[in-house]
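>>> Attaching a predicted model along with its sequence, questions to come.
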Amino acid sequence: MRQPFAKIFDEDEESEINMTPMLDVVFIMLIFFIVTASFVKESGIEVNRPEAATAVKKDRASILVAINTKNEIYINRRKIDVRAVQANIERLHAENPQGSVVIQADKKSNTETLVKVMDAARSAGVYDVSLAAEN
């Protein structure tokens, strides 16, 4: 015969919430945000850039070169010798041919170092070279 309603459910059994669909949604959202995020590249060191009234923001700056007050050159948080700048820029330019070179030179760095980096970038085949400045 029929059992009473109370006897259909076992009294020892506890009801649980199924977390699998929620975890699936969270995981998909995480993947979405990782894929759509635009990551900002940093040179890796703090540089006091000079001010310029006509400074314009570059959208496709893929190669950032920093020059500090001691005229040390940094690319991707690594200290680079002046003679190795051209090879590093060639390698990075091969990874992203549409990108440009942005040089972040400190106010107190020598112009000679700046010119050497610009010359190395042009020798590497990158003619879109810019200088970073503060607005």
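Noted; the coordinates are in hand.
>>> CA only for contacts and neighbour counts going forward, please
Will do.
>>> Which other helices and strands does whatever helix or strand residue 65 lives in contact?
Element membership for residue 65, per DSSP states H and E: strand 61-67. Applying 3 or more CA pairs under 8 Å, 6 or more residues apart in numbering; DSSP states H and E, one finds that strand 61-67 contacts strand 73-75, helix 85-95, strand 100-105.
>>> Contacts for that strand, please.
With contacts defined as CA atoms under 8 Å, 6 or more residues apart in numbering, strand 61-67 is touched by 41-43, 45, 47, 73-76, 89, 92-93, 96, 99-106, 109, 113-114.
>>> now do stretch 113-126
Applying CA under 8 Å, 6+ apart, the set of residues contacting stretch 113-126 from outside is 67, 71, 82, 85-87, 89-90, 93, 100-101, 103, 105, 127, 129.
>>> Now for the residues you listed, which sits with the most neighbours around it?
The most crowded member of those, judged by other CA atoms under 10 Å, is residue 67 (28 neighbours).
>>> Any stretches of the chain with poor pLDDT?
1-14, 38-46, 48, 58-61 (pLDDT under 70).
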